[in-house]
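Chemist: Predicted model and sequence follow; I will ask about them next.
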Amino acid sequence: MTHILCIGAGYVGGPTMAVIAKHCPQHRITVVDVNRQRIDAWNSDQLPIYEPGLKEVVEQARGRNLFFTADDIEQHIDQSEIIFVSVNTPTKSFGQGAGRAADLQYWEKTARQILENSTSPKIIIEKSTLPVRTAEAMAHILNTNPNGLHFDVLSNPEFLAEGNAIENLEHPDRVLIGGHDTPSAQAAVQTIVELYANWVPRDRIITTNLWSSELSKLVANAFLAQRISSINAISALCEKTGADVSEVAYAIGTDSRIGPKFLNASVGFGGSCFKKDILNLVYLCEQHNLPEVAEYWEQVLKINEYQGARFVANMVHAMFNTLAGKRIALFGAAFKANTSDTRESPALAVCRELLAEHADLALCDPYALENARQDLGALARKVTFELDPYRAADAAHAIAVLTEWADFAALDYQRIFQSMAHPAFIFDGRNILDHKALFEMGFNVYAVGKAPRLHFNDIGK
Ligand code: NAD
Ligand code: UGA
């Protein structure tokens with residue numbers, strides 16, 4: 001039996017370790033966190049995050065070979081042969097690199113904590129997303145210890161997407177493990193390969209050098225975000241020319257070299273990682289004196305901000321240039337469907353902009369309202385939080401669809417139309433609704449990257 005520890009019981013640490021525990025009953029997996037409330041939730045029926053299939057996996061392994069605890073972290077460090085570090089690595093908000101560089105304080109504290117509490121050699125695995133060459137700093141801290149202990153630092157970035165975490169962990173496109181080309185590091189890499197080989201086909205386990213592994217994680221997120229910004233940039237052109245962005249996406253996506261995924265035009269991408277990881281990449285390029293490369297990737301973020309601002313500007317313009325006092329139902333708070341996560345959610349960015357226009361907002365989401373309330377802080381008291389979309393839309397002048405929850409596409413819009421103030425507007429920021437049918441019901445329909453369907457002449461256009 002191997003003792004495996006994971007430091008950080010968040011969106012990555014919790015689900016990842018649950019799946020490892022499920023497939024490796026021969027090993028004992030402990031997940032620790034300084035946040036006791038989070039640990040208590042992991043040990044309860046109300047897990048701290050919503051993720052389809054997660055509860056079943058946790059319940060299968062918890063208490064058998066999967067343990068969540070906030071106690072005796074020092075002792076767990078000492079007892080473990082393998083330690084995954086999955087702590088948060090947000091964007092730095094102070095000092096050098098503020099607003100761009102990764103804040104590595106939690107990461108470094110963890111390294112020192114491991115060092116202070118170890119009496120035996122260990123394999124340390126970077127699970128968090130980190131700037132390329134962070135493992136070097138980690139190895140320096142760990143291996144300059146007075147008692148001659150040796151630590152092998154590996155990179156094993158996580159590629160799961162929220163809302164799909166269990167499916168992604170059960171059937172990953174690939175598992176990436178990076179290590180130095182030394183006998184000790186390569187033996188450590190093999191240990192981790194064997195761990196994943198308990199359920200992942202071996203041809204999907206890729207091993208690389210340490211720096212390639214670290215950089216690949218940032219690059220994967222940058223490429224994914226770049227596709228969204230590319231199609232969103234084209235959506236603006238579609239709205240001006242009468243082309244339909246869904247048709248354009250389909251037409252280009254059938255080219256096998258381009259592929260169909262991640263081409264849904266939207267109100268913008270959100271989530272805790274795309275923005276922070278691109279900022280991190282931009283900062284790295286600047287540090288290495290590559291300003292043209294930095295500027296290229298920064299543009300992905302600029303288009304994303306432009307897309308959200310454009311969406312709100314379209315709403316203001318469509319609704320006769322004033323939203324003050326008008327009730328607007330916002331369908332969606334989560335940054336995407338199937339998650340309760342609202343970090344960097346474009347829905348909340350739109351919400352803030354509309355509040356600045358003095359709109360009267362009813363925010364509706366099946367799972368993310370509590371997180372939205374916390375994120376909005378003082379602004380929350382200006383918003384009505386509503387679980388029921390019919391009530392949210394009651395007497396509203398407009399609906400804006402901001403998260404692609406399937407439930408929102410399946411509503412009775414005839415009933416909704418009748419309960420709304422008229423003329424009734426619908427702004428589909430995710431292109432999940434049947435726009436033709438809505439128009440025929442009487443709605444004025446605006447959808448991202450499509451010509452508006454209006455019951456009056458849009459004089460200002
Ligand atoms: P998170 O904020 O949900 O969880 C991190 C946890 O680490 C927190 O609960 C925090 O209390 C804990 N922590 C911090 N310092 C600690 C310490 N010294 N000891 C014990 N616990 C400590 O973050 P997350 O979303 O799970 O992301 C973790 C990392 O994984 C980040 O680098 C992120 O970029 C990366 N990542 C995230 C996702 C995702 O979908 N969220 C996907 C892939 C990679
Ligand atoms: C993303 C990556 O997909 C994961 O591989 C990665 O591990 C993770 O970031 C991370 O490093 O944290 P995630 O942020 O959970 O995962 O969600 P995505 O499915 O990638 O969606 C991100 C955002 O893009 C969402 O707001 C989503 O609505 C938006 N999106 C996605 C679009 O607007 N259009 C699309 O076609 C696809």
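Modeler: Yep, it's here. Numbers count the residues shown, from 1 in each chain. Ligands and ions are numbered 1, 2, ... in the order given.

Chemist: hang on, Pro48 in a helix?
Modeler: No - according to DSSP: H, G, I helix; E, B strand; the rest coil, Pro48 belongs to no helix; its state is coil.

Chemist: how about it, what does it touch?
Modeler: 9, 14, 37-38, 41-42 (C-beta atoms under 8 Å, 6 or more residues apart in numbering). C-beta: built from backbone N, CA, C; applies to glycine.

Chemist: change it to 10 Å
Modeler: 9-11, 14, 33, 35, 37-42, 68, 340 (C-beta atoms under 10 Å, 6 or more residues apart in numbering).

Chemist: Kindly report the same for Leu149.
Modeler: So Leu149 contacts 115, 118-122, 142-143 (C-beta under 10 Å, 6+ apart).

Chemist: And for Arg36?
Modeler: Neighbours of Arg36 in contact, by C-beta under 10 Å, 6+ apart: 69-71.

Chemist: that older thread, just the contacts of Pro48: which are in helices?
Modeler: 14, 37-42 (DSSP state H).

Chemist: What about Asn35, how many residues nearby?
Modeler: If you count neighbours by other C-beta atoms under 10 Å, Asn35 ends up with 13.

Chemist: Ser128: which of the contacts of Arg36 is nearest?
Modeler: Ala70 (19.0 Å; C-beta to C-beta).

Chemist: from memory that closest one sits against Asp33, does it?
Modeler: Yes - counting by C-beta atoms under 10 Å, Ala70 touches Asp33, with 6.1 Å between them.

Chemist: related to what we said a few turns ago, please convert the contacts of Arg36 to TSV, extending it with neighbour count, pLDDT and distance to ligand 2.
Modeler: As requested, those are exported to TSV (neighbours: other C-beta atoms under 10 Å; pLDDT from 0 to 100; distance: C-beta to the nearest ligand atom, whole Å):
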residue	neighbour count	pLDDT	distance to ligand 2
Thr69	16	98	25
Ala70	17	97	24
Asp71	10	96	29
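
Chemist: which one of those is nearest ligand 1?
Modeler: Ala70 (8.3 Å; C-beta to the nearest ligand atom).

Chemist: got a list of what the closest one touches?
Modeler: When contacts are counted by C-beta under 10 Å, 6+ apart, Ala70 touches 9, 32-40, 42-43.

Chemist: how close does it sit to Ile39?
Modeler: Separation of Ala70 from Ile39 (C-beta to C-beta, to the nearest Å): 4 Å.

Chemist: Could you name every residue contacting both of these two?
Modeler: Listed as contacting both Ala70 and Ile39 by C-beta under 10 Å, 6+ apart are 9, 32-33.

Chemist: hmm, back to that, please pick the buried ones from the ones in helices among the contacts of Pro48.
Modeler: If you count burial by 16 or more other C-beta atoms under 10 Å, the buried members of these come out as 14, 38-39, 41-42.

Chemist: all strands in the protein, in order from the N-terminus.
Modeler: 3-7, 28-32, 66-69, 82-85, 122-126, 151-155, 175-178, 205-208, 327-331, 360-364, 383-385, 398-401, 425-428, 444-447 (DSSP state E).

Chemist: And the last one, what does it pack against?
Modeler: Contact partners of strand 444-447 among helices and strands, from 3 or more C-beta pairs under 10 Å, 6 or more residues apart in numbering; DSSP states H and E: helix 210-241, helix 291-318, strand 398-401, strand 425-428, helix 435-441.

Chemist: for the record, mean pLDDT for the last one?
Modeler: Same thing as helix 435-441. Throughout helix 435-441, pLDDT has a mean value of 98.

Chemist: how far out from the middle of the chain is it?
Modeler: Here helix 435-441 is found 32 Å from its chain centre; the criterion is C-alpha atoms, centre = their mean, to the nearest Å.

Chemist: Which elements pack onto that helix?
Modeler: By 3+ C-beta pairs under 10 Å, 6+ apart, helix 435-441 packs against helix 413-419, strand 425-428, strand 444-447.

Chemist: Flag the shaky bits of the stretch 151-300 of the chain, pLDDT-wise.
Modeler: In the predicted model, the stretch 151-300 of the chain carries no residue with pLDDT under 70.

Chemist: Tell me the residues of it that contact ligand 1?
Modeler: 158, 160, 162, 272-273 (C-beta under 6 Å from any ligand atom).

Chemist: Model confidence for whichever residue of the stretch 1-150 of the chain sits closest to ligand 1, exactly?
Modeler: Going by C-beta to the nearest ligand atom, ligand 1 is nearest to Gly10 of the stretch 1-150 of the chain, at 1.9 Å. pLDDT for Gly10: 95.

Chemist: Now do the same contact list for the residue in the stretch 301-450 of the chain positioned nearest to ligand 1.
Modeler: Residue of the stretch 301-450 of the chain nearest ligand 1, by C-beta to the nearest ligand atom: Asp341 (7.3 Å). By C-beta under 10 Å, 6+ apart, Asp341 lies in contact with 11, 49-51, 162-163, 270-272, 333-335, 367-368, 371.

Chemist: what do you get if the cut-off is 7 Å, keeping everything else the same?
Modeler: 11, 162, 334-335, 371 (C-beta atoms under 7 Å, 6 or more residues apart in numbering).

Chemist: Quickly name whichever of those is closest to ligand 2.
Modeler: Glu162 (3.6 Å).

Chemist: So for that closest one, what's the nearest residue that isn't a sequence neighbour?
Modeler: Leaving out its chain neighbours, the residue that sits closest to Glu162 by C-beta to C-beta, 6 or more residues apart in numbering is Thr339, at 4.4 Å.

Chemist: that older thread, out of the contacts of Asp341, which are buried?
Modeler: Here, 16+ other C-beta under 10 Å leaves 11, 162, 334-335, 371 buried among the contacts of Asp341.

Chemist: can you tell me which of those residues are in helices?
Modeler: Going by DSSP H, the helices hold Asn371 from the buried ones among the contacts of Asp341.

Chemist: could you dump the buried ones among the contacts of Asp341 to JSON lines with distance to Thr241?
Modeler: Shown next, in JSON lines, are those (distance: C-beta to C-beta, whole Å):
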{"residue": "Tyr11", "distance to Thr241": "40"}
{"residue": "Glu162", "distance to Thr241": "34"}
{"residue": "Ala334", "distance to Thr241": "32"}
{"residue": "Phe335", "distance to Thr241": "29"}
{"residue": "Asn371", "distance to Thr241": "38"}
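
Chemist: thinking again about what came up before, for the contacts of Ala70, work out which two are farthest apart.
Modeler: That would be Val34 and Asn43, which, of the contacts of Ala70, are the farthest apart (C-beta to C-beta) at 15.5 Å.

Chemist: residues in the protein within reach of ligand 2, list them.
Modeler: Counting by C-beta under 6 Å from any ligand atom, the chain sits next to ligand 2 at 129, 158-162, 221, 224, 228, 262-264, 266, 269-271, 273-274, 335-336.

Chemist: Would you show me how to pick out the buried ones of the residues you listed in PyMOL?
Modeler: Buried members of the residues of the chain next to ligand 2, defined by 16+ other C-beta under 10 Å, are picked up in PyMOL with:
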select buried, resi 129+158+159+160+162+221+224+228+262+263+264+266+269+270+271+273+274+335+336
